[in-house]
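Engineer: I would like the atomic coordinates for the input below:
(2 chains)
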Amino acid sequence: MKTYARYPLYFIVPAFLLYAVLFIYPTVAGFWYSFTDWSSYSKEISFIGLENFKRLFTEGVMQTAIKNTLIYAVAVTIAVNAVGLTLALMLNERTMLGSFYRTAFFIPVVIASIIVGYIFMAILNPDYGILNKTLRGIGLDALAMNWLLDTHTAIWSIIGTEVWKSAGFAMIIYLSGLKTIPRDLIEQAQVDGARYMSRFRHIVFPLLAPAFTVNFLLTVINSLKVFEIVFVLTGGGPGYATEVINTFVYRNFAKGMWGYATSASIMLTLIVSIVAVSLLIVLRRREIEL
Amino acid sequence: MIRNRGARNRLILELCLLAWALVVLVPFYMILVNAFKDTGEAGRFGLGLPSEWKWDNFSVVFQKGKILRGYMNSALIAGCTLVLASLSAALASFSIQRNNRRFTNFIYYLFVLGLVIPVALIPTIKLMMSLHIHNTYPGMVMYYSAVLLPFSVFLLTGFLKTVTRELDDSAIIDGCGPIRMFAIVILPLLKPVMVTACLFIVMSVWNDFMGPFYLLSDSSKWTVTVSVFSYVNQFGTHWNLVFADILIVITPVLVFYFFLQEHIVEGMTAGAVKG
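Structural biologist: Alright, predicted model coming up:
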């Protein structure tokens, strides 16, 4: 009672109203539309039960999309964190151009994903792109592939593009985690004769646990929602080799099958929620154990 | 022997850093030189200087790419979202954090949920149509505010925990009502974190593609990222023009980044570090 008078609840109203109307309502309405035949073909929207979900799982493309989204998310999470952590550990040492590197490595993070997509379309061009030119230049002609048009390499090319874009973000978070580790602790271990790898395993790694939690969670959540880079680089192709959930949603949205597209995006919402919650539980528990 | 190994490790370290710096920077150099070439030469993506500097590429892009239009739309939408989202988030966070009761905590968790759940774009189109804000600037501003509120509330609530209540008390003793207390005492104290939140909001709106791509069918209101997309769709084979277009679009972002680097890095990673 007393506090509501000092800090009135109406302060929350503008923000909550915006959020409730333009975020919560569409999310909840999405659940309803996913059980309907809402489309550009008929004026009326009628309830059709689980039809959309049955179709999602009998048509086959959605399974491919879910599988690709998961492969993409796992690979991107591992690679972004591996590269980000390596860069952070290197920059935590005294180097010649430390702050220049820090600035440079973060640049791709501030560029729009769609533009990163176009940049890599040029880089991955099979005939003239700088990747294949470099590979041929150092005598690795066999590795110079048709990156985006080959069903086996396409998804890995997209994963590589995302790593290029996001490694700098993970790096900054690891760097700020590393800054919290007292120098004397490491120097003491050095005096005691601990080698780099064992110092890393027993001191640095456990103290970086919160940074790990944050980085893993953020990369997993963001990469499950991937759209722009796939849309620009392959459009989900060749065939459906790189189809992810969000490109599947767009494909059906563009065809005018709005209810069906919504049911696919509901699947994404469910997957993201389940993955985020279970990951949070596991990572928090690990943080406490360490 | 040991010193030798140290020196060798140093060298490997410097070489690795240099290698990643090249991986990151060469693509930007590629855009820069190829934006000045003619179509045939740019299509070979060479890293050499243009045999003839084609400055007209930029005037062509400015005319056909609707870039100025895109810039103005992005600036307008980002600017309005910035004011609406940051102020309403600050007000809400203040009440949520200070009350700290079951009801306000519940609202806080509803906001946090928005950090994880993907935006439901297709139902949003229908909602905007029935509210008559579809294809309008206010509609986009409200959409972005709603989507960016979770992060702002999360960030501000976390920061408010570190702002002592004693100042609130003395403001009340001085006879301030809640609104004056917020405007005169609290808001100035929030300045550093408001800067962080604002930069996050601006960068998010500027770089977003999915929002306007789904929600704006009226091309005269497209933001700069969507104008790049429609430009590439039309002139995709003219890589010199595509690179010139990309160069024009990313230059302000890069300039902005170099001048406000610390704040931008903070803005984009703050929630993560403090969470």
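Engineer: In three-state terms, label residue A:44 for me.
Structural biologist: Three-state assignment for residue A:44 (DSSP: H, G, I helix; E, B strand; the rest coil): coil.
Engineer: Report the mean confidence score over stretch A:147-156.
Structural biologist: Averaged over stretch A:147-156, pLDDT sits at 88.
Engineer: Need the residues that contact it.
Structural biologist: A:68, A:71-72, A:75, A:121, A:124, A:126, A:129, A:131-132, A:145-146, A:157, A:233-234, A:237-239, A:241-242 (Cβ atoms under 8 Å, 6 or more residues apart in numbering or on different chains). Every residue, glycine included, has its C-beta placed from N, CA and C.
Engineer: Provide a list of residues in contact with the residue in the stretch 101-250 of chain A positioned nearest to chain B.
Structural biologist: Closest to chain B within the stretch 101-250 of chain A is residue A:112: 3.8 Å, counting by Cβ to the nearest Cβ. Applying Cβ under 8 Å, 6+ apart to residue A:112 gives the contacts A:228, B:206, B:207, B:208, B:209, B:225, B:228, B:249, B:250, B:253.
Engineer: ok, and the most crowded of those?
Structural biologist: Neighbour tally across those (other Cβ atoms under 10 Å in any protein chain shown): the maximum, 27 neighbours, falls on residue B:228.
Engineer: unless I'm mixing things up, that residue is touching residue B:247, no?
Structural biologist: No: if you go by Cβ atoms under 8 Å, residue B:228 and residue B:247 don't touch, sitting 10.9 Å apart.
Engineer: still on that earlier bit, is there a quick PyMOL command that grabs whichever of the contacts of stretch A:147-156 are buried?
Structural biologist: Selection of buried members from those for PyMOL, criterion 16 or more other Cβ atoms under 10 Å in any protein chain shown:
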select buried, chain A and resi 68+72+75+121+124+129+131+132+145+157+233+234+237+241+242
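Engineer: State whether residue A:28 is indeed within a strand.
Structural biologist: No: using three-state DSSP, the secondary structure at residue A:28 is helix, not a strand.
Engineer: gap between it and residue B:91?
Structural biologist: Residue A:28 is 25 Å from residue B:91, where distance means Cβ to Cβ, to the nearest Å.
Engineer: same check, this time on residue B:52
Structural biologist: Taken as Cβ to Cβ, the span from residue B:52 to residue B:91 is 58 Å.
Engineer: now swap in residue B:190 and tell me
Structural biologist: Computed as Cβ to Cβ, the residue B:190 to residue B:91 distance reads 11 Å.
Engineer: between these two, who's got more neighbours?
Structural biologist: Here residue B:190 and residue B:91 are compared on neighbour count by other Cβ under 10 Å; more neighbours surround residue B:91, at 24 against 19.
Engineer: thought that one was touching residue A:12?
Structural biologist: Yes: the pair residue B:91 and residue A:12 qualifies as a contact (Cβ under 8 Å) at a distance of 7.4 Å.
Engineer: Which residue ranges of the stretch 1-150 of chain B form helices?
Structural biologist: B:2-34, B:39-42, B:56-64, B:67-99, B:102-116, B:121-130, B:137-160 (DSSP state H, counting those that start in this stretch).
Engineer: How about the stretch 101-250 of chain A?
Structural biologist: Here the stretch 101-250 of chain A has its helices, by DSSP H, counting those that start in this stretch, at A:113-123, A:130-137, A:154-179, A:183-191, A:196-199, A:205-207, A:209-224, A:228-233, A:245-254.
Engineer: And the ones you listed: which comes nearest residue B:159?
Structural biologist: helix A:154-179 (16.3 Å; Cβ to Cβ).
Engineer: Report the buried residues of the closest one.
Structural biologist: Buried residues in helix A:154-179 (16+ other Cβ under 10 Å): A:154-178.
Engineer: what's the answer for stretch A:50-63, then?
Structural biologist: Going by neighbour count (16+ other Cβ under 10 Å), the buried part of stretch A:50-63 is A:52, A:53, A:56, A:61, A:62.
Engineer: buried sites along the helix or strand encompassing residue B:253?
Structural biologist: Taking DSSP states H and E as the criterion, residue B:253 maps to helix B:239-259. For helix B:239-259, a neighbour-count test (16+ other Cβ under 10 Å) marks B:239-250, B:253, B:256-257 as buried.
Engineer: restrict those residues to contacts with chain A.
Structural biologist: B:239, B:242, B:243, B:246, B:249, B:250, B:253, B:257 (Cβ under 8 Å from any Cβ of the partner chain).
Engineer: Quick one: name the residues of the stretch 151-275 of chain B near chain A.
Structural biologist: Proximity of the stretch 151-275 of chain B to chain A, by Cβ under 8 Å from any Cβ, involves residues B:153, B:168, B:172, B:178, B:182, B:203, B:206-210, B:214, B:225, B:228-229, B:232, B:239, B:242-243, B:246, B:249-250, B:253-254, B:257-258, B:261, B:264-265, B:268-269, B:272-273, B:275.
Engineer: Can I get stretch B:210-220 as CSV, trimmed to CA atoms?
Structural biologist: C-alpha atoms of stretch B:210-220 as CSV (Å, rounded to 0.1, in the frame of the first residue of the first chain):
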residue,chain,number,x,y,z
MET,B,210,12.7,-8.7,-40.7
GLY,B,211,10.4,-6.0,-39.1
PRO,B,212,10.0,-3.7,-42.1
PHE,B,213,10.3,-6.6,-44.5
TYR,B,214,7.1,-8.2,-43.0
LEU,B,215,5.3,-5.2,-41.8
LEU,B,216,5.8,-2.5,-44.4
SER,B,217,4.4,-3.2,-47.9
ASP,B,218,4.7,0.5,-48.7
SER,B,219,8.1,0.9,-50.2
SER,B,220,8.2,4.7,-49.6
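Engineer: For it, give the mean pLDDT please.
Structural biologist: 90.
Engineer: Would you mind listing the buried residues in that stretch?
Structural biologist: Buried residues in stretch B:210-220 (16+ other Cβ under 10 Å): B:210, B:211, B:212, B:213, B:214, B:215, B:216.
Engineer: Reformat these into TSV and put secondary structure next to each item.
Structural biologist: Formatted as TSV, the buried residues of stretch B:210-220 follow (three-state DSSP):
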residue	secondary structure
B:210	helix
B:211	helix
B:212	helix
B:213	helix
B:214	helix
B:215	helix
B:216	coil
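Engineer: closest to chain A among those residues?
Structural biologist: residue B:210 (5.9 Å).
Engineer: you'd agree the closest one is up against residue A:225?
Structural biologist: No: using Cβ under 8 Å, residue B:210 makes no contact with residue A:225, being 9.0 Å away.
Engineer: just checking, what packs against the helix holding residue B:253?
Structural biologist: Judged by 3 or more Cβ pairs under 8 Å, 6 or more residues apart in numbering or on different chains; DSSP states H and E, helix B:239-259 is in contact with helix A:98-110, helix A:113-123, helix B:2-34, helix B:39-42, helix B:56-64, helix B:67-99, helix B:191-207, helix B:224-235.
Engineer: For the nearest residue to residue A:247 once chain neighbours are set aside, grab phi and psi.
Structural biologist: Leaving aside its sequence neighbours, residue A:247 sits nearest to residue A:236 (Cβ to Cβ, 6 or more residues apart in numbering or on different chains; 4.2 Å). The phi/psi pair for residue A:236 (degrees, to the nearest 10) reads phi 100, psi -10.
Engineer: need the contact list for residue A:236.
Structural biologist: Counted by Cβ under 8 Å, 6+ apart, residue A:236 has contacts A:230, A:242, A:243, A:244, A:247, A:248, A:251.
Engineer: what residues are up against the second one?
Structural biologist: Shown in contact with residue A:242 (Cβ under 8 Å, 6+ apart): A:68, A:154, A:155, A:158, A:230, A:233, A:234, A:236.
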